[in-house]
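S.K.: Here is my input; please provide its structure:
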Amino acid sequence: QFSFAEIIEQSIISSNGGLFGTPVAAAALYVYLFVVFGKILQSSGGGQFFFELAASLTGGLRGGVAKVAVVSSGLFGMISGSPTADVVTTGSISIPMMKRLGYPAHAAAAIETVASVGGSFLPPIMGAVVFLMVEYTGISYGNIIYASVGVGILYYLGVLSQVHFYSVRHGFGALDEDVPGTWQVLPIATLVYLIESGRTAQYSVVIAIAFVIVLSWVNRQRENRLGPKRLALLLVEATAMMAPLIAAVAGAGLVEQVLNVTGLGSKLSFVMFEMANGNQALVLLFAAAVTIVFGMGMPVPAVYALAAILLAPGMANAGFGLLETHLFLVWFSVASHVTPPIAIAAYVAATIASAEPIRTSVWAARFGLLVFLLPFAFILRPGLLLQGDALINLGDLTIVTGAMLL
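M.R.: Now for the predicted structure:
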C-alpha cells in the first residue's frame, strides 16, 4: 500500500518518472524543435512547395490529382508530425481539386487521409512519436529512420497503386494544371545530411531552422519572409500546438509510473503472454487490437507511450526484437487514425470534403490496407527493416513488393 504523500511523490516529483518522465522529456527535448521547424517551413512557403513538387512528379499521370495528393501529403507529413495537421494543410488544396475533377467526396477525403497518416512512417522525421521511441528503446534516431526507409516507401507504393487502379477504373485523367518547383527542398536535405552524418537530432533541426530563416529572405515572394515579429508569432503558435500533446503524454507518464511502482506493467505482460500460450501470431494480434483501441481519439505519441509500457514487454517475452516490436506499435498507433469508428484524421478530411465521416473512414481503411499488413510483414521478416544481410534484405523487399502488386 502507498500513502497519499507517497503517491504524490512518485507521480509528480520522483526522479524515476511520473508527470515529468520520459514522454514529457521527449516532447521538450525533441518534439518542440521539430514542430517549430514544421511551422516556419510551412510559413515560408514549404506547404505549397510540397504540392508543387508532387505535381511536377505525378501530375501528368492517370489519376494525377489523387497521386499529387498522396505524394504531397507524404512529403509534408514528414515534417508536420501529425496526421490531422497534414490533412488540414495539404487536404485544403488537394481535396477540392480531386472533387473538381470528379472524385466522390468520400473517396477524395479517404485518399487524403491515408496519404497523410503515412508521413509518420517516412524518414527523415517520421512525426513526434519517433523521439519517444528513441527514449524508450535507446536505439539511435539515425538507426530508426534507416530501418524505416524500406517499409515507408512500400506503404506509399501500395497507396499509389490503390489510387492508380481506382482512377483507371473510374476514368479519372491527369492534373490539368502546370505547377513549377521551388527552393524549399534545401532545408530538408540539410536536415537529412546532418542526421546521417551522426549529428544529434536537436543540433540538426536547429541548423535546419536557421537555414529556413536565411533562405526566406532570398525568396522573391515577400509574404514568405520571416522577420523577428513573424518568428515570435510562429513560436507562440508552435507552443500552443504543443499544449494538447503535452497534456496527453504527461498523462501517459503518470500511467507509466503507476505501472512501474506497483509492478502491474510486468503482470499485464505476463498475462498477455499466458493468454496467447506462447503463440506469436496471437501475441501480435492482441497487441495490434489493443493499440488501435488505445488510439481511438488520442494523439499518436500518447498511444505509443501506453503501448510501449503495457505491450512491448510481453512482445519481447514472445521472442520479438526490440526495434521490430516498437516500430510495430508505432504503426498501429498511427493506424487508429484510419480505423472506424473513431478515425480522427478521416473525420477531419471528411469535414473538408463535406463527406460522411464513417463512410470516409471505411474507405480510408480500404485505401490504406497496408497500414495493417506491413507491421506483421516486417516483424516477421526483419529484412524489410534492413536489419539483416543485404541479400536477405533484398529478398524480403522483393517478396513483399511482389505480393503487394499481386
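S.K.: which stretches of the stretch 251-400 of the chain form strands?
M.R.: With DSSP state E, counting those that start in this stretch, there are no strands along the stretch 251-400 of the chain.
S.K.: Could you list the low-pLDDT ranges of it?
M.R.: Applying pLDDT under 70 to the stretch 251-400 of the chain flags residues 265-266, 269, 297, 388-397, 399-400.
S.K.: try 50
M.R.: For the stretch 251-400 of the chain, no stretch has pLDDT under 50.
S.K.: which residue is nearest the centroid of this structure?
M.R.: With distances taken as C-alpha atoms, centre = their mean, residue 120 lies nearest the centre of the chain, 1.6 Å away.
S.K.: Run a quick check on that residue versus residue 336, I expect a contact.
M.R.: No - using C-beta atoms under 8 Å as the test, residue 120 is too far from residue 336 to be in contact (11.4 Å). For glycine as for every other residue, the C-beta is placed from the backbone atoms N, C-alpha and C.
S.K.: what is in contact with these two at once?
M.R.: residue 300 (C-beta atoms under 8 Å, 6 or more residues apart in numbering).
S.K.: Around residue 350, count how many other residues there are.
M.R.: 28 (other C-beta atoms under 10 Å).
S.K.: I figured it hits residue 363, correct?
M.R.: No - with contact defined as C-beta under 8 Å, residue 350 does not reach residue 363; the gap is 9.8 Å.
S.K.: Spell out which residues are contacts of both of these two.
M.R.: 106, 109.
S.K.: Phi, psi for the residue nearest to the centre of the chain please.
M.R.: Torsion angles at residue 120 (phi, psi; degrees, to the nearest 10) stand at phi -70, psi -10.
S.K.: Return the residues in contact with it.
M.R.: Residue 120 touches 77, 81, 83, 126, 127, 129, 300, 330, 334, counting by C-beta under 8 Å, 6+ apart.
S.K.: Now with 7 Å, please.
M.R.: Residues near residue 120 by C-beta atoms under 7 Å, 6 or more residues apart in numbering: 77, 83, 126, 127, 129, 300, 334.
S.K.: wait, which of the residues you listed is closest to residue 279?
M.R.: residue 334 (25.5 Å; C-beta to C-beta).
S.K.: If you drop the residues flanking it in sequence, what lies closest to the closest one?
M.R.: Spatially, and ignoring its direct neighbours in sequence, residue 334 is nearest to residue 120 (4.7 Å; C-beta to C-beta, 6 or more residues apart in numbering).
S.K.: With residue 73 as the reference, measure out to the one you found.
M.R.: Using C-beta to C-beta, to the nearest Å, we find residue 120 at a distance of 11 Å from residue 73.
S.K.: Just to check, residue 27 is in contact with residue 249?
M.R.: Yes - using C-beta atoms under 7 Å, residue 27 is in contact with residue 249, at 5.5 Å.
S.K.: How many residues are close by the spatially closest residue to residue 331 that is not a sequence neighbour?
M.R.: Once flanking residues are discounted, residue 331 sits nearest to residue 375: 4.2 Å by C-beta to C-beta, 6+ apart. Around residue 375 sit 25 other residues, with neighbours defined as other C-beta under 10 Å.
S.K.: Show me what counts as buried in the one helix or strand residue 146 maps to.
M.R.: For residue 146, the host element (DSSP states H and E) is helix 141-170. The neighbour-count check on helix 141-170 (16 or more other C-beta atoms under 10 Å) flags 141-142, 144-148, 150-156, 158-160, 162-164, 166-167 as buried.
S.K.: closest to residue 368 among the contacts of residue 120?
M.R.: Using C-beta to C-beta, the contacts of residue 120 come closest to residue 368 at residue 334, 9.8 Å.
S.K.: The closest one and residue 243, how far apart?
M.R.: From residue 334 to residue 243 the distance is 21 Å (C-beta to C-beta).
S.K.: Mind checking which of these two has more residues around it?
M.R.: Set residue 334 next to residue 243 and count neighbours by other C-beta under 10 Å: residue 334 wins out with 29 against 9.
S.K.: Please look at that one and residue 117 and confirm they touch.
M.R.: Yes - the criterion here is C-beta under 7 Å, and residue 334 meets it with residue 117 at 5.3 Å.
S.K.: So residue 385 sits against residue 377, correct?
M.R.: No - the pair residue 385 / residue 377 is not scored as a contact, 10.1 Å apart, by C-beta under 7 Å.
S.K.: Name the surrounding residues that touch stretch 347-359.
M.R.: By C-beta under 7 Å, 6+ apart, the residues outside stretch 347-359 that reach it are 84, 87-88, 91-92, 95, 99, 105-106, 108-109, 112-113, 340-341, 346, 360.
S.K.: Buried only: go through those for me.
M.R.: 84, 87-88, 91, 95, 99, 105-106, 108-109, 112-113, 340, 346, 360.
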